[in-house]
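Trainee: Give the three-dimensional model of this entry:
(chains A and B, ligands or ions: 3)
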Amino acid sequence: MRLLAFLARRIYQSIFVLLGLSVLIFIIARILPGDPARTALGARAPQWVVERLREDMHLNDPVPVQYVYWLRGALGGDFGISLVTRRDVANDIIEFFPASFELVLLAGIISGVAGIGLGTLSARHKDTWVDNVVRILSYMGVVTPAFVFAIILLLIFGLALGWLPAIGRLSDGIPAPPTVTGLMTVDALLAGQLATFWDALKHLIMPAVALALGALSQEARITRATMADNLSKDYIATARSLGIPERIVMGRFLLKPSLIPTVSILGLDFAGSFSNAFLVELIFNWPGLSRYGMNAMLRKDLNAISAVILVLGVIFITVNIVVDLVVGGLDPRIRLRAARSE
Amino acid sequence: MSLSAPPRLLEVKDLSVHFKVYSGVLKVLDGVTFSVDAGEKVGLVGETGCGKTTTMKAILRILPIPPAVVPRGEILFQGEDLLRMRPDQMRQVRGPGISMVFQDPTASLNPVFTIGEQLGPVIRYSAPENRGLSRRQIRQKALIPLQDVALADPERLLDAYPIQLSGGMRQRVCIGMALATNPELLIADEPGTSLDVTIQDQVIRLLGELVERKRTSVILITHSLGVVREMTDRVYVMYAGNMVEVAPTRRLFANPLHPYTRGLMEAVPKLTGGGMAMGIPGRLPSYQHPPSGCRFHTRCPHVMPVCRREKPPFFQAEAGHQAACFLYSPEAERHRNEAQA
Ligand SMILES: Nc1ncnc2c1ncn2[C@@H]1O[C@H](COP(=O)(O)OP(=O)(O)O)[C@@H](O)[C@H]1O
Ligand code: SF4
Ligand SMILES: [Mg+2]
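Mentor: Ligands and ions are numbered 1, 2, ... in the order given. Next up, the predicted model:
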């Protein structure tokens, strides 16, 4: 019950956040220099055609009126027509989002598992060469942008060694599975197409790893710092002094309190991956939402930009709610405090 | 061999512990020697920072390594050297052999697990026959130590988090956990120090009754000379990583020998924290550059030339009463004369 109340409250709060975000998006989109109608039609279109498109897009109305038109559409899932693809933006989003989601999800899993694993390793071997290696590598991982990793991976594994396919989601000649979730690997498994699954996974690995490395490094650093700190806490000494096996001391009594900061960072990294994916998707020619959003920005495709940003906003808010739930699940102090303040 | 006395429960010989820190090596424990017999209650006193907790953690081998190193020493528990045990053997000593109540009950309890979740594995691994028990059976058994420490409504307590308990309750839980393993030897490190005086008294009294009933041997670390007098059979006095005096409790209070012990006795009887050594001016020396010879010589009102040169061994004053001080050496007279020469 308390959980439902928490969810209801957070969703209610989120409505206002999204509304605020929509105003912001709208204003930014309108103050960008240049005429979206002209951009859409190209430099050679006659002026009267441009004028008519402006009228159709309500670009000649006062900005608040434009906002109301836009919001009314957006609430009904209608973000208008993309000025570039000439298709319904909502359809574009539905088509491109799953590819990004699959990529970011795998990157999140890789970064979470490897980040927490490396952080734990580093903390357990604190101040030894293992720790030093992990710390140096993770420092490099934090400061290097994802697109640099993408290029390096592409050059080594895609071109030089040729182990992994360099672009796209599937190889030519491999049948795509029927769309259920939109996640190629999951759909392939659901359809029992193992060859397709394997091919899709090979396409996923490089972009996912490129995207994961930065987050992974950050998570390894946070995990190491928290664990090394908690390792010297009296409750660990107490658990040990009472004869509890080391695997339980480490795997339960040290791990759970140490994961709390990592989970928060993991959530931020996950949400942030959608924007980090802009260049990674471009490099691997990955037909995802981030690449779509990037193209929309370059071409000043207002409707598409607004929709993409709004989708990212919803993702951010959702991830935050999930993080709060997980952190609350891990830390009774937060749960109890929340219960008391109600 | 067969005629020799049974081994003591615990015998620590010449134990040294150093901490390698950024600025250098802290030579904290410098040849600590002491023992506990079966059924005995031993007090350990000495001002904050003298190495009491470090000694106890070294015995349980729970010092953080690094920075800690144990360059020499023996820790014989029931005749076996703990420092030479494999980790899995050592783990079996912890709990049923030796268990410990730490200084700060709040820090000793894991904030993100319920009392039951923390007590459960303690019970499961404290005896081989408990290994295979179901969760329900373990939970049933977990009620007993909580009842032992006179906590009301133990059933509900098992599902409570530490943050939901008062300081006194947390301290009782810690004592209950440490006794749940039925240890041969209980180490109690300043139990109740963080609590207010009345609750502290209750907790100590409870601890006394429990170990009496279970016939557990005890090392009791405390700042309260009153508690020492009331609860222990023998007392060790520690200064800067050395045992400096040992005596049956009544002898120590009647006739303290070591200049440091005398200083302690002159201070107000019930002191906490750093005020322990108020009868003696000065502070604990640096562990990085400890004084040569007798580590107390920088503060001792009776210092002699030999004290700066040599480390004093234990000198026997009477049966069971020893002091690590050249004043009690058979050659004390000669040492004093050297000073005047
Ligand atoms: N992990 C550690 N790293 C460095 N120094 C330590 C560590 N633990 C204890 N010490 C030092 O050892 C000395 C003795 O500490 P401790 O055993 O806690 O004293 P007591 O329990 O008698 O108050 C102190 O000077 C303390 O700073
Ligand atoms: S050995 Fe010397 S310095 Fe040390 S306590 Fe005795 S008299 Fe004082
Ligand atoms: Mg201490």
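
Trainee: Okay, buried residues for the helix or strand containing B:Asp30 please.
Mentor: Assigned by DSSP states H and E, B:Asp30 belongs to strand B:24-36. By neighbour count on 16 or more other CB atoms under 10 Å in any protein chain shown, the buried set for strand B:24-36 is B:Leu26, B:Lys27, B:Val28, B:Leu29, B:Asp30, B:Gly31, B:Val32, B:Thr33, B:Phe34, B:Ser35, B:Val36. For every residue, glycine as well, the C-beta is placed using N, CA and C.

Trainee: out of those, which touch ligand 1?
Mentor: Taking CB under 6 Å from any ligand atom as the test, ligand 1 is in contact with B:Leu26, B:Val28 out of the buried residues of strand B:24-36.

Trainee: Just say helix, strand or coil for B:Asp14.
Mentor: Under DSSP: H, G, I helix; E, B strand; the rest coil, B:Asp14 falls in the strand class.

Trainee: For B:Arg91, pull up the helix or strand it's in.
Mentor: Going by DSSP H and E, B:Arg91 is in helix B:87-93.

Trainee: quick one: contacts of that helix?
Mentor: The contact list for helix B:87-93 (CB atoms under 8 Å, 6 or more residues apart in numbering or on different chains) reads A:Gly243, A:Pro245, A:Glu246, B:Arg61, B:Phe77, B:Leu82, B:Met85.

Trainee: Buried only: go through the residues you listed for me.
Mentor: For the contacts of helix B:87-93, a burial check counting by 16+ other CB under 10 Å picks out A:Gly243, B:Arg61, B:Phe77, B:Leu82, B:Met85.

Trainee: So which of those sit within helices?
Mentor: Secondary structure defined by DSSP state H assigns none of the buried ones among the contacts of helix B:87-93 to helices.

Trainee: Those residues also near ligand 1: which ones?
Mentor: Applying CB under 6 Å from any ligand atom to these, none is adjacent to ligand 1.

Trainee: Convert the C-alpha atoms of the helix or strand bottoming out on mean pLDDT in chain A to PDB, please.
Mentor: Counting by mean pLDDT, DSSP states H and E, chain A has its least confident helix or strand at helix A:36-41, which shows a mean of 72. Once non-C-alpha atoms are left out, helix A:36-41 reads as follows in PDB (Å, rounded to 0.1, in the frame of the first residue of the first chain):
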ATOM      1  CA  PRO A  36      11.500  25.600 -40.000                       C
ATOM      2  CA  ALA A  37       9.200  25.700 -42.900                       C
ATOM      3  CA  ARG A  38      11.900  27.000 -45.200                       C
ATOM      4  CA  THR A  39      14.300  24.400 -43.900                       C
ATOM      5  CA  ALA A  40      11.800  21.700 -44.500                       C
ATOM      6  CA  LEU A  41      11.000  22.700 -48.000                       C
END
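
Trainee: looking only at pLDDT, what's the mean for stretch B:256-266?
Mentor: Stretch B:256-266 carries an average pLDDT of 88.

Trainee: Is ligand 2 within reach of that stretch?
Mentor: Yes: using CB under 6 Å from any ligand atom, stretch B:256-266 reaches ligand 2 at B:His258, B:Pro259.

Trainee: how would you label A:Cys254: helix, strand or coil?
Mentor: If you look again at residue A:254, you'll see it is Leu, not Cys. From three-state DSSP, the assignment for A:Leu254 is helix.

Trainee: pretty sure it contacts A:Ile236?
Mentor: Yes: contact status for A:Leu254 versus A:Ile236: in contact at 6.0 Å, counting by CB atoms under 8 Å.

Trainee: Return every residue with contacts to both of those two.
Mentor: A:Asn230.

Trainee: Would you mind listing what in the stretch 151-300 of chain B touches chain A?
Mentor: B:Tyr161, B:Ile163, B:Gln164, B:Cys174, B:Met177, B:Ala178, B:Ala180, B:Thr181 (CB under 8 Å from any CB of the partner chain).

Trainee: I figured A:Glu102 hits A:Thr185, correct?
Mentor: Yes: using CB under 8 Å, A:Glu102 is in contact with A:Thr185, at 6.8 Å.

Trainee: So those two - more neighbours on which side?
Mentor: Neighbour count, other CB atoms under 10 Å in any protein chain shown: between A:Glu102 and A:Thr185, A:Glu102 has more, with 24 against 21.

Trainee: contacting residues for the closest residue to the more buried one other than its chain neighbours?
Mentor: Leaving aside its sequence neighbours, A:Glu102 sits nearest to A:Leu183 (CB to CB, 6 or more residues apart in numbering or on different chains; 4.3 Å). With contacts defined as CB under 8 Å, 6+ apart, A:Leu183 is in contact with A:Pro98, A:Phe101, A:Glu102, A:Leu105.

Trainee: between those, which is nearest ligand 2?
Mentor: Nearest to ligand 2 out of these is A:Leu105 (CB to the nearest ligand atom; 69.1 Å).

Trainee: okay, now the closest one: neighbour count?
Mentor: The burial count for A:Leu105: 18, using other CB under 10 Å.

Trainee: Looking at chain A, which residue is nearest ligand 2?
Mentor: A:Ala237 (32.7 Å).

Trainee: which regions of chain A sit below the pLDDT cut-off?
Mentor: For chain A, applying pLDDT under 70 flags the ranges A:1, A:32-33, A:340-342.

Trainee: In it, what residue comes closest to chain B?
Mentor: Proximity of chain A to chain B (CB to the nearest CB) peaks at A:Gly243, 2.6 Å away.

Trainee: how about the nearest residue to that residue, chain neighbours excluded?
Mentor: Of all residues not flanking A:Gly243 in the chain, B:Gly95 sits nearest, at 2.6 Å (CB to CB, 6+ apart).

Trainee: which ones are touching that neighbour?
Mentor: A:Ser241, A:Leu242, A:Gly243, A:Ile244, B:Val122, B:Tyr125, B:Ser126, B:Thr181, B:Pro183.

Trainee: got any ranges where chain B has weak pLDDT?
Mentor: Counting by pLDDT under 70, chain B shows low-confidence ranges at B:1-7, B:267-279, B:339-341.

Trainee: Output the set of residues of it in proximity to ligand 2.
Mentor: Residues of chain B lying close to ligand 2 by CB under 6 Å from any ligand atom are B:258-259, B:294, B:296-297, B:300, B:302-304, B:307, B:312, B:325-327.

Trainee: Most widely separated two among those residues?
Mentor: Using CB to CB, the residues of chain B next to ligand 2 span at most 14.1 Å, a distance reached by B:His258 and B:Met304.

Trainee: Those two: which has the busier surroundings?
Mentor: Counted by other CB under 10 Å, B:His258 and B:Met304 do not tie: B:His258 has more neighbours, with 26 against 22.

Trainee: Distance of the nearest residue to B:Pro281 once chain neighbours are set aside relative to B:Arg262?
Mentor: Using CB to CB, 6+ apart and skipping the chain neighbours, the partner closest in space to B:Pro281 is B:Arg299 (6.8 Å). Here the criterion is CB to CB, to the nearest Å. By it, B:Arg299 lies 12 Å from B:Arg262.
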